[in-house]
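A.B. asks: Have a look at this prediction, sequence included:
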Amino acid sequence: LCPRAAEVFELLCSGSLGSSYVNSSFYKVVSGNSMQAGAVDGIPTFEHDNYAIKHNVAGLVSMVNAGTGGSSGMSDSRFLIQLPDDAGFLDGRYEAFGRVSEGMDVVRQIERVRVSGTKNAPIDKVLIDKVGVLR
């Protein structure tokens, strides 16, 4: 349903672009809403394929918009993980393309980290230290 988003995400998980999600962080955590991660320098923006997948289940993975305001229709490397079952407010703004199939317990641990400021930045860094592609 979302081939560009899935391809970019897979390439960043495999390191095939020469860059990967390794050592990127969860830079925004809003408990009960979403967490955002994966800012990787040098990744060009790409257009969203569509908004066909609705944000109706916890653990859904979506690309974060490259523009401001959540409606640019363009993405880069950044992604978000949805925390509530019903996040319809994300529909039509963020392109969902996958789902956390294992490890929601880790997602919930990250959800509980202490954050500061209006950007909800974790006080202690939450880094991605290993990535890969499961087949």
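C.D. replies: Arrived safely.

A.B. asks: biggest strand in the chain, by residue count?
C.D. replies: When the chain is parsed with DSSP state E, its longest strand is strand 74-82.

A.B. asks: Run through who's touching it.
C.D. replies: Contacting residues not belonging to strand 74-82 are listed as 5, 8-9, 12, 19, 21, 24, 34-40, 43-48, 55, 57-67, 90, 94-96, 100, 107 [Cβ atoms under 8 Å, 6 or more residues apart in numbering]. Heads up, the C-betas are built off the backbone N, CA and C, glycines and all.

A.B. asks: Name the helix or strand for Asp106, please.
C.D. replies: Heads up, residue 106 is Val, not Asp. With elements delineated by DSSP states H and E, Val106 resides in helix 104-111, which encompasses its position.

A.B. asks: what's downstream of that helix, the next helix or strand?
C.D. replies: Defined by DSSP H and E, the subsequent element after helix 104-111 is strand 115-116.

A.B. asks: what's the helix or strand that comes right after that following strand packed up against?
C.D. replies: The helix or strand immediately downstream of strand 115-116 is strand 121-122, counting by DSSP H and E. Strand 121-122 makes packing contacts with strand 26-30 when contacts are defined by 3 or more Cβ pairs under 8 Å, 6 or more residues apart in numbering; DSSP states H and E.

A.B. asks: what comes up buried for the strand it packs on?
C.D. replies: For strand 26-30, a neighbour-count test (16 or more other Cβ atoms under 10 Å) marks Phe26, Tyr27, Lys28, Val29 as buried.

A.B. asks: can I get those residues in CSV with pLDDT and distance to Pro122?
C.D. replies: Conversion of these to CSV gives the following (pLDDT from 0 to 100; distance: Cβ to Cβ, whole Å):
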residue, pLDDT, distance to Pro122
Phe26, 98, 6
Tyr27, 97, 8
Lys28, 97, 8
Val29, 98, 6
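
A.B. asks: Now the buried members of the contacts of strand 74-82.
C.D. replies: For the contacts of strand 74-82, burial is judged from neighbour counts taken by 16+ other Cβ under 10 Å, and it is met by 5, 8-9, 12, 21, 24, 34-40, 43, 48, 55, 58-66, 90, 94-96, 107.
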